[in-house]
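Student: Sequence and predicted model, in that order:
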Amino acid sequence: MMDVHLKSPMSPLGGNLSSKVSKAATVFPSHVRRTFMSSPVDYTGEIVRLLDDIATQTHAISAFVAEGSETITYGQVGTQQITSEFATRLLYRSLAHDGYSCLILAKSREQPLTFPEEVPHGGYVVCISALDADPRAVDQPVCGTIFSIYKRKSSTSLPGKYIDLKQKASDQVAAGFVVYGPSTVLYYTMGHGLYSFVLHPVAMQYFLQPDQRLTIKEKSTAVYGKRTIVSSNTPLGKGVKNYVDSNHDVKMYHTGCMAGNVALMMPNGGALVKPDAHLLCECAPLAFIIEQAGGVATNGEGTRILDLTVGDDYHMKVNFLAGVEEIVHEIERLGKGVAAADSADTK
């Protein structure tokens, strides 16, 4: 029998899925259940079903992204471009009735999304960046969904409260992101390693590929982020600029979204940088993921992202620097050196 491969032309953002392993390959829900059985985080298994619901809803988002429109009709594609708000509504409609979460914090919404009192309220809080994409990209852009899950702090079976958003980043139960492009790939962790799954376009299931934990490549000369960061008059911007200037082989890349940048960084190494990123919806889940892959994630000034705690400002933003430990610390060192020199000049 001929071996059929589904391969993205935009490797490594895409993945390979061989028909030889389609019957024996591990699908996403099975992998989550096995992980949960070895290290349960609750007695109900709500987290297993919640992750399954999130993954299933990304199938629909993937289809809309592929069509490039929110209004797909038979035989033609509508003209309304898919937006983060549209993706947020899709996720909300699914999670509002599954009974496993009590609150959703969406990056695109000023206020947290609560559920009607008559529906079940579960034990988890979900933080999402529903559709991170470059608005200037029009021809099949790379975009992604980032999600993070915490245990609620308020009483169970009741609507979520603001106290449920006052979380320490290291208290995440699970986190992941999905990259939509020529192929759709899901990355997730429950604190026991990072794994990736490729969405089969016919079976509409996420299959584990490769069948092992992912780790960041040790060495690299790449920095992922907008080039405008090097012109920023901040320690982080100066650190990146000096790192790029002092290493002739260093190149900067940007896919248009944080999820896409992390997906590129995993097999290639390097560092990811983004100033003023959303802590709960972007930085915390990606920091959890990158640390599970053997990297580090800081605010660019030596503070570990997972050590940060959210107070009253649940839309808190921080600088984000993550990737190979050696590169991250070198950028921090160069940034601190510039800051110290600038301070001395002003005295």
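Tutor: Sure, I can see it. Numbering: from 1, shown residues only.
Student: residue contacts, S129?
Tutor: Contacts for S129 (C-beta atoms under 8 Å, 6 or more residues apart in numbering) come out as S84, A106, K107, S108, T145, I146, F147, M258, H278, C281, E282. No exception for glycine: its C-beta is placed from N, CA and C like everyone else's.
Student: Would you check which pair of the residues you listed lies furthest apart?
Tutor: Spatial extent of those (C-beta to C-beta) is set by the pair A106 and M258 at 15.4 Å.
Student: neighbour-wise, which of the two wins?
Tutor: Just comparing A106 and M258: by other C-beta atoms under 10 Å the higher neighbour count belongs to M258, 26 against 23.
Student: OK, contacts around that one?
Tutor: Remark: with contacts taken as C-beta under 8 Å, 6+ apart, M258 is in contact with S129, D132, G144, I146, L272, K274, A277, E282, L286, F320.
Student: Which of those residues fall within strands?
Tutor: Among the contacts of M258, the ones falling in strands (DSSP state E) are S129, D132, G144, I146, L272, K274, A277, F320.
Student: So the third one sits against T184, correct?
Tutor: Same thing as G144. No: using C-beta atoms under 8 Å, G144 is not in contact with T184; the gap is 9.6 Å.
Student: give me the number of residues near S155?
Tutor: 10.
Student: Do you know the pLDDT at it?
Tutor: Note for S155: predicted pLDDT of 89.
Student: hmm, back to that, can you redo the contacts of M258 as TSV with distance to A293 and pLDDT?
Tutor: Listed next are those as TSV, based on distance: C-beta to C-beta, whole Å; pLDDT from 0 to 100:
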residue	distance to A293	pLDDT
S129	19	96
D132	19	87
G144	16	94
I146	15	98
L272	12	96
K274	18	96
A277	18	96
E282	17	97
L286	10	98
F320	16	98
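Student: ok, the residue nearest to G294 when sequence neighbours are not counted - contacts?
Tutor: Closest residue to G294 apart from its sequence neighbours, by C-beta to C-beta, 6 or more residues apart in numbering: T215 at 4.6 Å. When the contact criterion is C-beta under 8 Å, 6+ apart, the partners of T215 are L194, A293, G294.
Student: So which of the residues you listed belong to strands?
Tutor: Counting by DSSP E, no part of those is found in strands.
Student: Just among the residues you listed, which is most surrounded?
Tutor: The contacts of T215, ranked by neighbours (other C-beta under 10 Å): first place L194, 23 neighbours.
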